[in-house]
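A.B. asks: Would you be able to build a 3D model of this:
(4 chains)
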4 protein chains.
Amino acid sequence: MTHKIAILGASGYTGAELVRIIATHPAMEIAALSADRKAGQEMASVYPQLRHLKLPTLSTIEQIDFSRIDLCFAALPHGLSQALVRDLPASVKVVDLGADFRLRDPAAYEKWYGAPHVATELQKEAVYGLTEFYRDEIRSARLVAGTGCNAATVQFALRPLIEAGLIDLDEIICDLKNGISGAGRSLKENMLFTERQTDVLGYSQGGKHRHLGEFDQEFSAIAGRKVEIMFTPHLVPMSRGILASCYVRGEAEAIHAALAARYAAEPFLTVLPFGQAPGTGAVAGSNFCHIGVIGDRKPGRALVVAALDNLNKGSSGQAVQNANLMLGLDETAGLMLAPVFP
Amino acid sequence: MTHKIAILGASGYTGAELVRIIATHPAMEIAALSADRKAGQEMASVYPQLRHLKLPTLSTIEQIDFSRIDLCFAALPHGLSQALVRDLPASVKVVDLGADFRLRDPAAYEKWYGAPHVATELQKEAVYGLTEFYRDEIRSARLVAGTGCNAATVQFALRPLIEAGLIDLDEIICDLKNGISGAGRSLKENMLFTERQTDVLGYSQGGKHRHLGEFDQEFSAIAGRKVEIMFTPHLVPMSRGILASCYVRGEAEAIHAALAARYAAEPFLTVLPFGQAPGTGAVAGSNFCHIGVIGDRKPGRALVVAALDNLNKGSSGQAVQNANLMLGLDETAGLMLAPVFP
Amino acid sequence: MTHKIAILGASGYTGAELVRIIATHPAMEIAALSADRKAGQEMASVYPQLRHLKLPTLSTIEQIDFSRIDLCFAALPHGLSQALVRDLPASVKVVDLGADFRLRDPAAYEKWYGAPHVATELQKEAVYGLTEFYRDEIRSARLVAGTGCNAATVQFALRPLIEAGLIDLDEIICDLKNGISGAGRSLKENMLFTERQTDVLGYSQGGKHRHLGEFDQEFSAIAGRKVEIMFTPHLVPMSRGILASCYVRGEAEAIHAALAARYAAEPFLTVLPFGQAPGTGAVAGSNFCHIGVIGDRKPGRALVVAALDNLNKGSSGQAVQNANLMLGLDETAGLMLAPVFP
Amino acid sequence: MTHKIAILGASGYTGAELVRIIATHPAMEIAALSADRKAGQEMASVYPQLRHLKLPTLSTIEQIDFSRIDLCFAALPHGLSQALVRDLPASVKVVDLGADFRLRDPAAYEKWYGAPHVATELQKEAVYGLTEFYRDEIRSARLVAGTGCNAATVQFALRPLIEAGLIDLDEIICDLKNGISGAGRSLKENMLFTERQTDVLGYSQGGKHRHLGEFDQEFSAIAGRKVEIMFTPHLVPMSRGILASCYVRGEAEAIHAALAARYAAEPFLTVLPFGQAPGTGAVAGSNFCHIGVIGDRKPGRALVVAALDNLNKGSSGQAVQNANLMLGLDETAGLMLAPVFP
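C.D. replies: Below is the predicted model of the structure:
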């Protein structure tokens, strides 16, 4: 059986990545694509990469007949999903790739996003979309909130360690190296090719990045106490990929063993042999995440490194993985595409 | 039914691309991987991109039991396939990705490759692997010779025009822009990241590039007279892709119509609307080729531009496409992977 | 003696490159910087690269006291210089880096730029800024019109050959590979890092690029008859540099000899040994231009290749070179900065 | 007066960068260039970037008449300088860009470099070349040991803080993002363009990088007790630049004030306004270093970020700065070249 899919916000990078993945998905069919500002255009003119596919013409959201849709991916700018999802027919399952439903606490939402939430009842209902940790809830959810791409990367590195009490909760420092596609396709002077090709630069430093809201929510919930990490992303001159270097206090070999055990049965998470570090080039274009653990010369200190593709495992691949669960499909359906290298 | 596949030369980029494609191929299974200098290593350590796959350990060619193999891809340095293919069991079909069997004339081979051919009887038997133009012969072939990546790109742009007599055969100038992966994974100072990142540079200019042997053979055969094109490749700072800008004399609209008609039913070749130019970014990571035709302000002059991924449609994707035909499979099996962008 | 310099349009890339060059110029001092939309900001916040310099605050053009200015560089968007230059005090020398005064013929200007020229008397007065060919006129000029960056590159390759009658004037094909900075710092979706990093793509193909107006004007004037070349630029993933591959009919060795003789005494133009091709990486960040000549296997055909830095020799370096002449300084003053590599 | 300079190891990237800087230096003249494996070649063929310069032919070290040399830069592979410097005439001043004389303690040298030092008496004599902190000793030194490029970057960020007792000495974590030129021009598979263009990857993690020897020596000497930092470099896809993100415990505003005060009079070190972060693109191609301080949301934690060009301020620029002092020249002579952007 083929499920009818709508993608809202198809002209952005995560929208295009959804189309790319679904193009070879065995049980999904794209029935509608929206892109408000580009409504009326063909996807082939917005993304010539997708020219070989037979795709619906881009439309406005209003033009979509949701009664024909089984599941809807919302890849919209932050803030637009709240009212939209509230107004969809209850029969439509939704995977939201934006930030609107990631935080369960209305106060936390307002703190990090600067405005009150307009669909707080849905906020409660939404399941946090970190598949490997919310699998059962996702299976039965109507609304799943995709995680931030940074949030996914760091959580894969640290959740099992916090759960197992293996690291000092007050001494977690996460330094991230981020591909430029994380900034999306919107026009910003500092995202021009010429501005980025030979530059490495941190941003949202010092505890200002919105993904901290997710870290605070998730890590504090696991630990049963307030946990605040230090988290600094950096722009590096590549299109895709996040490398999270997490500096922690704990025994490196025990940390490695815990991660290896926790992820042994996971199809998309791979823990490298102890002492090996992953690179983003080994996962680009795929739904895989590689994790490495290295002990420091200083006893009791370790470096946990996670690498994934921000557009794929960090966003659209995760979204399809969640949709597979919500639709009762094999969780890996359509997602075993190997990374592209070089 | 699943066919058992051997890949010889699996540690090079085209070898790794074959593994990537076959990883999601519905009817092929990798039964053996050779890499003489890296024999004994796991593919995961040579290409961490392939870590999620269960693959045979790299071996020497001698260690492979070819009686268990249905089809063998030879992705070896030029010159090594000749004796090797001669010694394989007749039951093993072979797709050679190197240059050893591209030229049918022993004298031409010796001219371009500097040494006599050692398996001239196979040279005659080998079918030239430009799928869209040798489909029937490939279907029944035991040995298919993959084309050069530049040779494929330019032929897609020009063969139908030469066949139809639409362009002046003495006035063909092909200027190519080439991704760095065309140089393979071998160690050369001028292929270091630092040497290439901010440089554009021609090479093998003035009629010295070996792919000219293929152009001369193929275009002369079609035209029924000697045809010699001008052909200049250039290194540009990207990993994958070839853009061939072909300057020809002929009526641009007639050229466009001929290409559009010729490729209308081809699954992997797309002719853009008249006046539009393709880019390499629209085909990277895929088996697709985009072709555009632009008329010049000077009447009777046209620009025909073809873009493809040198590692995929220009080499390993083409090889799988040919193998599909040789094994009686759907020609597109495993090859509908969408390009990766950005 | 130090000359007082104003730079109009200092927030664009050519404006910033002017500042970079003048920063170590022995006889120029920046007295005013304008950037209408960024007026009031410090240059250090617009270009942190220039933070170590003591520079005037960005102002509007109206705020500049031109009575204190000896020479003014206008690095403005096309079309804005015409009225502006007309209204400047006659005592101020002007080097215009835009397109407003490149074409001497009002009809040609209107054809290529789509609007009538509003200062046609200045259009006549302006000297075309290709230093090596207009040196004497530039020395005594009040207004010099900087050439297009593509126009400079190709003219360095071809002018001496047209002058000497060494090539067929009806068979000139110029294929260019262009760094992204040629598009300037303005916001365009297709100039985002993510859009360009893995793409090579032609633009303004088929005789539509405005620099053709310059080629037509200059080459026809030299030849004493109408000359129309084919000219196709391509975007390649690097910030700086133009490589012009010019396919011509003529004797390669005679072509090489003519270029070598013509440029033997030029401080910034280097002709490589016969058969060698230049790369953009060898001139990036400098005012040098490298030229190579390669004979083809087809007799009577040659490839002339020129490489320069579009922001420097193709624009701001050329502008300073011209300003040096206009101010009676050593032509090379401030311009002997070596290329930056890697 | 012009000083006669020899550069040993001129075919490597730091050697070429020395030539680039000295090309416009007012008081240095290159009298000899050595490159053992490329002896007999012209510099123009090894680095076409330097083609416009009149330079000596590359020779072996033995062929150099050191009696004519005032100062010698040794840009040799680690280990080769020890015996060499010992055998030079005492009249020749030496700036060593390699690691041979960075560590004053023979045991530390052997620990980090795996072999005993063969010129321990010189090891004692050598002055550590971090100009801004060893200025007086450098002025009167015969032998100056250039610092590691990572070592320079981190020390600029942290030395004043350790001196002033502003940060917790046991809680220093330095995460570095490094341009690829740091690996030099030697042939390594993992430094090919194709391997690095889309990858970010840590290396020498966990306390194994040799620059730790310098940190241990310098920071412990300042603090008067053993100091061991955590230090992890990462390869990012750009040619030049190091960004050091240093996570420390201390009051961010006090840290900022201390750095701003310490460097207020330094010509090459700039402290950005509080809360601003530097990028590598703002210093590439120059001898400048930008430093920023950001407070974290967690009180008592701060991020100190330093950016410099590894080939320039991190190596060859520093070397010229030291040579200027040793020769009694203005410390900034030849070094005020502005960064190149974009």
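A.B. asks: Check which helix or strand A:V320 maps to.
C.D. replies: helix A:317-326 (DSSP states H and E).
A.B. asks: Name the nearest residue to A:M230, sequence neighbours excluded.
C.D. replies: A:I173 (4.5 Å; C-beta to C-beta, 6 or more residues apart in numbering or on different chains). From N, CA and C alone the C-beta is placed, and that goes for glycine too.
A.B. asks: quick one on the thing from earlier: for the helix holding A:V320, name the packing helices and strands.
C.D. replies: Other elements packing on helix A:317-326 under the criterion 3 or more C-beta pairs under 8 Å, 6 or more residues apart in numbering or on different chains; DSSP states H and E are helix A:13-22, strand A:71-74, strand A:93-96, helix A:131-139.
A.B. asks: in stretch A:238-251, what's buried?
C.D. replies: A:238-251 (16 or more other C-beta atoms under 10 Å in any protein chain shown).
A.B. asks: How about the secondary structure of A:Q217?
C.D. replies: Following DSSP: H, G, I helix; E, B strand; the rest coil, A:Q217 is assigned to helix.
A.B. asks: Output the set of residues of the stretch 201-342 of chain A in proximity to chain D.
C.D. replies: For the stretch 201-342 of chain A, the contact set with chain D under C-beta under 8 Å from any C-beta of the partner chain comprises A:201-203, A:205-208, A:212, A:228, A:230, A:232, A:234, A:236-241, A:243, A:245, A:247, A:275, A:277-282, A:284, A:294-298, A:301, A:303, A:305, A:307, A:341-342.
A.B. asks: again, only this time at 7 Å
C.D. replies: A:201-202, A:205-207, A:228, A:230, A:232, A:234, A:236-238, A:241, A:243, A:245, A:247, A:277, A:279-281, A:284, A:294-298, A:301, A:303, A:305, A:342 (C-beta under 7 Å from any C-beta of the partner chain).
A.B. asks: For those residues, which ChimeraX command selects only the ones that are buried?
C.D. replies: To isolate the buried members of these in ChimeraX, using 16+ other C-beta under 10 Å:
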select /A:201,202,205,206,207,228,230,232,234,236,237,238,241,243,245,247,277,279,280,281,284,294,295,296,301,303,305,342
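A.B. asks: Out of the residues of the stretch 201-342 of chain A next to chain D, which sit inside strands?
C.D. replies: A:201-202, A:230, A:232, A:234, A:243, A:245, A:247, A:294-295, A:301, A:303, A:305 (DSSP state E).
A.B. asks: can you list the domains in chain A?
C.D. replies: Following automatic domain parsing, one finds the domains of chain A at A:3-146+A:313-326, A:150-309.
A.B. asks: Deepest in the core, which of the ones you listed is it.
C.D. replies: domain A:150-309 (a mean of 22; mean count of other C-beta atoms under 10 Å in any protein chain shown).
A.B. asks: Relative to the whole chain's centre, how far out is that one?
C.D. replies: Taking C-alpha atoms, centre = their mean, to the nearest Å, one finds domain A:150-309 lying 12 Å from the centre of the chain it belongs to.
A.B. asks: Next: stretch A:322-337.
C.D. replies: The answer for stretch A:322-337 is 15 Å, by C-alpha atoms, centre = their mean.
A.B. asks: that older thread, for the ones in strands among the residues of the stretch 201-342 of chain A next to chain D, work out which two are farthest apart.
C.D. replies: A:L201 and A:G295 (30.0 Å; C-beta to C-beta).
A.B. asks: Indicate whether stretch A:17-31 makes contact with chain B.
C.D. replies: Yes: Stretch A:17-31 comes into contact with chain B (C-beta under 7 Å from any C-beta), by way of A:R20, A:A23, A:T24.
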